[in-house]
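>>> Attaching a predicted model along with its sequence, questions to come.
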Amino acid sequence: MPQKTQDTPMMQQYQAIKDQYPDAFLFYRIGDFYELFNDDAIKGAQLLELTLTARNKSADDPIPMCGVPHHAAQSYVDILVDQGYKVAICEQTEDPKQAVGMVKREVIQLVTPGTTMDVRPGAAKANNYLTAVLPKAGQYGFAYADLSTGELKVTALAHRFAVQNELAALSTREIVVPDDLSDEDAQWLGQGRLLSPQPAVAATAEASYVSQDLKDPLQTAVVVMLMQYLLTTQKRRLAHIQKAISYQPSSFLEMDQDARTNLDILKNSRTGRKADTLLSILDQTKTAMGGRLLKQWLDRPLLDLQQIKARQDQVQDLLDHYFERSELQERLTKVYDLERLAGRVAYGNVNGRDLIQLQTSLDQVPAIQDIIAKLDDGAFAALQQQIDPVQDVANLIRRAIEPEAPISITEGGVILQGYDQQLDTYRDAMANSKQWIADLEAKEREATGIHNLRIRYNKVAGYYIEVTKGNLDKVPEGRYERKQTLTNAERFSTPELKEKETLILTAQESATALEYQLFQDIRQQVQQQITRLQKLAAVVAALDILQSFAVVAENNHYVRPVMHAGSHAVAIHGGRHPVVEHVLGTQQYIPNDVIMQDDTDMLLITGPNMSGKSTYMRQLALIVIMAQAGCFVPAESADLPVFDQIFTRIGAADNLAAGQSTFMVEMMEANAALAHATASSLILFDEIGRGTATYDGMALAQAIIEYLHDHVHAKTLFSTHYHELTSLEESLVKLRNVHVGAVEENGTLVFLHKMLPGPADKSYGIHVAKLAGLPADLLARADTILTTLEDNGAKKAPALQATPQVQEAQLSLFEEAPAAPKHDPLLAKVKRFDLMNATPMDAMNLLYDLQKQLKKK
Ligand SMILES: Nc1ncnc2c1ncn2[C@@H]1O[C@H](COP(=O)(O)OP(=O)(O)OP(=O)(O)O)[C@@H](O)[C@H]1O
């Protein structure tokens, strides 16, 4: 009976390996291909658009199969990992020629979304963070690492909300979790992310090393868990992973997930791309490291006043020194990605060209030091001291590595002449022998009188003397040994030529082997210095950001904000939204003040849609973030406190996919602010309550305003279209009304995008309807209803204490239908008005009149 296909030795080996990686695609190497089998093949063929074939097609049990050529495998792996899958790379670990029976195979690496080292263009300026979350006794150990740069950070978080904020900040795609994670935790952690369970195992030497500075057992445990996962997937020593640094999210300006999305800091919330974000405006960095660090600075702005001022001093200094700044930029453009080069050195996949890039980068450092020395040493003294130029590594590479080194490190040509005596001896032997052969050719030509006699080399025949057919009669008898006959020529050898050939070939083989060994040795030496290289990379990255801030400040006319402690007062004059200003052009953008001294905690912003309320609110938050990141800000002047947190509820963010209604999300976000904000926080609430029926929405909005005003005291911008809320200014001492100005020009309403004191004129809505071309009698009817409503008591928001009158007002507030109007001379005037024959301007005049008289009342 024929053997079943699934039972062949190869398929048995395949299955044994596959069983160890049930949740990964197994790329199984056969010759020049990686093959996928069974379910992997069916799914893989679909995802990778490959042709699905079968192994042993004619058998009863053909096996589904598809494959990719090994040299193109990387891009296929990237596609799968991009979509959130894992890929196990299984190689042949012995030479098939030497194998007895089945060729040995082993998985050499498990590529996962959180561990992939994406080398595609554009990926350089982004970190790929693998996160680990370890819940224990109501707390969460939280660690993250970037495998390509070796960065490793850890913290302990007290609640889910904080974990979610951190996950959002890091845009993490994969979370390592304990293998006994509860279903409930798996549910919320796993939303849109891959969860990779890791069994608890004793810490290896590497895991102990990276966690050795940590004091908190939970933080140690989560770092060990993360490191063990890295070691199991990468299957090699990871010398470049840095010792874990413990941090507290609360030592930076914290932003909730909604704030990060809504403020378009790193990603545009509509497009998901970098264009039209704060990052895109501020990123004039020259190095990939600077680009990555800038994201971190914007993600985690500072709280420490001294640190903020220190950055500002440096930016100012670079602004004042134009020539030094240009020189610095020029140097920085020649610095390659030191962090990732260091990572590749540790990883063992560095080649000669990478080392040359490392040297070129290090060659810039002494010049950079000179430039900094010319700047104000007050601002740069600390940074200057931190620079270790690591010139020993640069010198080693300069002495050892061929500047035009080939990509391969196994075929020679990588190590420079003069670096190693033994290598030089081999090379001399090769060179001398080649000269000897050239001399032999001349000698033989003379001896035989064959002018076109040639000595040549090819891989199959080795060195040989070639004589064309016509000259064969001149070949000396006995001394030449026939090797090969061609149509037009004969090839010969001589004993002395054979001897030289052996000498040359062994010298070449020895030289190549020695070169490889020397290269590994140099790599080892560089690897010893990885920590120093990583430190240098961090300083260069910071310098790069500072010059970027200076360039942006100069080009965009930003000013240095004055930062103060001890009060939460805000005074921004002529503030601008950095991104909208960029999109509209400076000419088009209308600057606005934000003045909230100690007597004001809240600005209640009224104004119609599209008038610029959200832009105004976002503008404040972005100026705060920029200031606390150390950057200058788009304003004529800015005097700011240091905020501890930013909360936002802006726009119609819906989370329907997660099964929550828009209004529920709105309330949850509002709640996050109410629960966690302090007097040092900034809150932006845009039209809270509009997600539900008018009256309960308005009631909630008012209650939220009152709560924030009385209990939280955070600086708050609250925009609303409930005009009634503007009367709260009378009862809440720290609330001020502001509105967006508008003028009527030639019968149309034009928004000025200018914030002005006081509440908005409430009939804007009807004006806008008029602009939209609604019928005149409909508009007139709306006018009438408006007056009726207003008169009916819905005009004023209920006061704080529920006196009998107020209770009455509250009741009428919740009545659905307007009651009949009472007698009033103003109403009489409206009644008399001849709507059908009035111009829009007449209507405006009437309204103006009515309002004036009402205000007098
Ligand atoms: N200060 C400004 N100067 C110039 N144009 C502005 C300014 N502020 C806003 N705009 C323009 O007005 C448009 C609408 O602004 P924004 O979205 O802030 O309005 P809004 O009042 O919040 O509207 P909605 O209530 O519909 O969200 C913006 O896209 C921008 O083009």
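All right, it came through fine. Numbering: from 1, shown residues only.

>>> Tell me the secondary structure at Glu666.
With DSSP: H, G, I helix; E, B strand; the rest coil as the basis, Glu666 sits in helix.

>>> Offset the numbering so it begins at 39, please.
Understood, numbering begins at 39; the last thing we discussed is Glu704.

>>> measure it to Gln354 for me?
42 Å (C-beta to C-beta, to the nearest Å). Heads up, the C-betas are built off the backbone N, CA and C, glycines and all.

>>> So for these two, which sits in the more crowded spot?
More neighbours surround Glu704 than the other of Glu704 and Gln354, with 27 against 17 (other C-beta atoms under 10 Å).

>>> my guess is the more buried one meets Ile726, correct?
Yes - with contact defined as C-beta atoms under 8 Å, Glu704 counts as touching Ile726 (6.7 Å).

>>> In terms of helices and strands, where is Met655?
helix 651-667 (DSSP states H and E).

>>> Within the sheet, what are the partner strands of the helix or strand that that helix is followed by, with directions?
Next helix or strand after helix 651-667 toward the C-terminus (DSSP H and E): strand 675-679. In the sheet, strand 675-679 lines up against strand 600-602 (parallel), strand 608-613 (antiparallel) (DSSP bridges).

>>> quick one: average confidence on the following helix or strand past strand 675-679?
Going down the chain from strand 675-679, the next helix or strand is strand 683-687, by DSSP H and E. For strand 683-687, mean pLDDT rounds to 91.

>>> Equivalent analysis for stretch 374-386, please.
Average pLDDT, stretch 374-386: 89.

>>> now what about that stretch, what contacts it?
Outside stretch 374-386, the residues that touch it by C-beta atoms under 8 Å, 6 or more residues apart in numbering are 155, 162, 185-188, 274-278, 325-327, 330, 388, 392, 395-396, 398-399, 561, 564-565, 568, 571-572, 574-575, 578-579.

>>> Mind checking which of those residues land in helices?
If you go by DSSP state H, those have 326-327, 330, 392, 395-396, 398-399, 561, 564-565, 568, 571-572, 574-575, 578-579 in helices.

>>> still on that earlier bit, of the contacts of stretch 374-386, keep whichever come out buried.
By neighbour count, with 16 or more other C-beta atoms under 10 Å, the contacts of stretch 374-386 hold 155, 162, 185-188, 276-278, 325-327, 330, 388, 392, 395-396, 399, 561, 564-565, 568, 571-572, 574-575, 578-579 as buried.

>>> ok, which stretches of the stretch 89-238 of the chain are helices?
Along the stretch 89-238 of the chain, counting by DSSP state H, counting those that start in this stretch, helices occupy 111-120, 198-208, 221-227.

>>> For the ligand, which of the ones you listed is the nearest?
Judged by C-beta to the nearest ligand atom, the one of these that comes nearest to the ligand is helix 198-208, at 22.9 Å.

>>> Pull the helix or strand that contains Ala866 out as CSV, backbone CA atoms only.
For Ala866, the element it lies in under DSSP H and E is helix 863-870. Extracted in CSV, the C-alpha atoms of helix 863-870 (Å, rounded to 0.1, in the frame of the first residue of the first chain):
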residue,chain,number,x,y,z
PRO,A,863,-45.5,95.2,23.8
LEU,A,864,-42.4,93.6,22.2
LEU,A,865,-44.5,90.7,21.0
ALA,A,866,-47.1,93.1,19.7
LYS,A,867,-44.3,94.7,17.6
VAL,A,868,-43.4,91.4,16.2
LYS,A,869,-47.0,90.6,15.4
ARG,A,870,-47.3,93.9,13.5
